[in-house]
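S.K.: Below is the structure, and that's it, no one-letter string:
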């Protein structure tokens, strides 16, 4: 189905900047050992086949299980502009300081907030029932601060009050020198299913939304205490929940946990810091694989990729030294 998007080896040296489709596909097994791409085009470049080929390092994504080329391409084709902006961002922020990368992520997110693909999703979205506002509960014990997402009936979907409370909680942890250990947990059967979808579209001005993120996004406060932060995940860890968790020095998960970045289907990219945090944990290409496919991954896959540090049955105590993501 996607045969027309495969790149002829002879075209690599003169690969056009523009794309004739939603992506370009490179069969790595068919490429010469000395093959190189002079510049990446504006669309995602998808590698299939030999993952150790020297050219694989230049790909935006190298397809691997549980994602298939067909499912990946269907997802990209449904929202090609968001897919392109996502890989542009990941290419740009690789190796950049966290603060600069967060600003770039927010600006890219703002661009997509005003785009046609997101507007289509907003218009098709059902309003659904409005759940009770969420809470964030804090417990201080000695030199430890425990932060609990407490909205179990909504699977801990983060609404505006929770977002603001999380920012305040992590700022407290950052500014109080007596807090040496910070934990983040979720009440109920799910850790967090991401941002409350009912609040999407409430701020239609992309520039204003960017400025709000600069002031209230929990990620800005998390990065100040991430070397003391441990997170335990049970059940669903989706969207903003995963984006926050991935900043932590140590992340553990139950065997039932699963992880997903579904924003591309909304015409967006992860905008709660996840393009930064997830790519620093598992690398640019696997972060792109999660973002572009929207596919769930299991706790076992998350462990093998380095998205989590251990699978445990219960939330562990805070022991041992930090394992700070690069």
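M.R.: Now that the structure is in, tell me what you want to look at. Treat the numbers as computed from the prediction; the structure is a model and nothing was measured.
S.K.: which residues sit in contact with the most centrally placed residue in the chain?
M.R.: For the chain, the residue nearest the mean C-alpha position is residue 274 (3.4 Å; C-alpha atoms, centre = their mean). By C-beta atoms under 8 Å, 6 or more residues apart in numbering, the contact list for residue 274 reads 239-240, 242-243, 246, 261. C-betas here are computed from N, CA, C, even on glycine.
S.K.: Check whether residue 29 sits in a helix, strand or coil.
M.R.: helix (DSSP: H, G, I helix; E, B strand; the rest coil).
S.K.: From residue 225, how far out is it?
M.R.: Distance of residue 29 to residue 225, given as C-beta to C-beta, to the nearest Å: 45 Å.
S.K.: if you count what's nearby, which of those two comes out ahead?
M.R.: Neighbours were counted for residue 29 and for residue 225 using other C-beta atoms under 10 Å; residue 225 has more, 24 against 9.
S.K.: neighbours of the residue nearest to that one when sequence neighbours are not counted, just the number please.
M.R.: Excluding its sequence neighbours, the residue lying closest to residue 225 (C-beta to C-beta, 6 or more residues apart in numbering) is residue 173, at 4.2 Å. If you count neighbours by other C-beta under 10 Å, residue 173 ends up with 24.
S.K.: Residue 173 sits in which helix or strand?
M.R.: Per DSSP states H and E: residue 173 is located in helix 160-175.
S.K.: Can you point out the buried residues in the next helix or strand after that helix?
M.R.: Following helix 160-175 in sequence order, the next helix or strand is strand 181-186 (DSSP H and E). The neighbour-count check on strand 181-186 (16 or more other C-beta atoms under 10 Å) flags 181-186 as buried.
S.K.: partners of strand 181-186, with directions?
M.R.: Sheet pairing for strand 181-186, assigned by DSSP bridges, gives strand 144-150 (parallel), strand 229-233 (parallel).
S.K.: which outside residues touch that strand?
M.R.: With C-beta under 8 Å, 6+ apart, strand 181-186 has contacts from 143-149, 152, 156, 170, 173, 191-192, 225, 228-234, 241, 244-245, 248, 315, 318.
S.K.: ok, back up a step: what phi and what psi does the backbone show at the residue nearest to the centre of the chain?
M.R.: With angles defined as degrees, to the nearest 10, residue 274 sits at phi -70, psi -30.
S.K.: Please tell me how far the closest residue to residue 174 other than its chain neighbours sits from residue 155.
M.R.: In this structure, residue 174 finds its nearest non-sequential neighbour in residue 224, 3.3 Å apart by C-beta to C-beta, 6+ apart. Taking C-beta to C-beta as the measure, residue 224 falls 28 Å from residue 155.
S.K.: Between these two, tell me which one has more neighbours.
M.R.: Neighbour tally, residue 224 and residue 155, criterion other C-beta under 10 Å: the higher count belongs to residue 155, 21 against 14.
S.K.: unless I'm mixing things up, the more buried one is touching residue 236, no?
M.R.: Yes: the criterion here is C-beta atoms under 8 Å, and residue 155 meets it with residue 236 at 6.2 Å.
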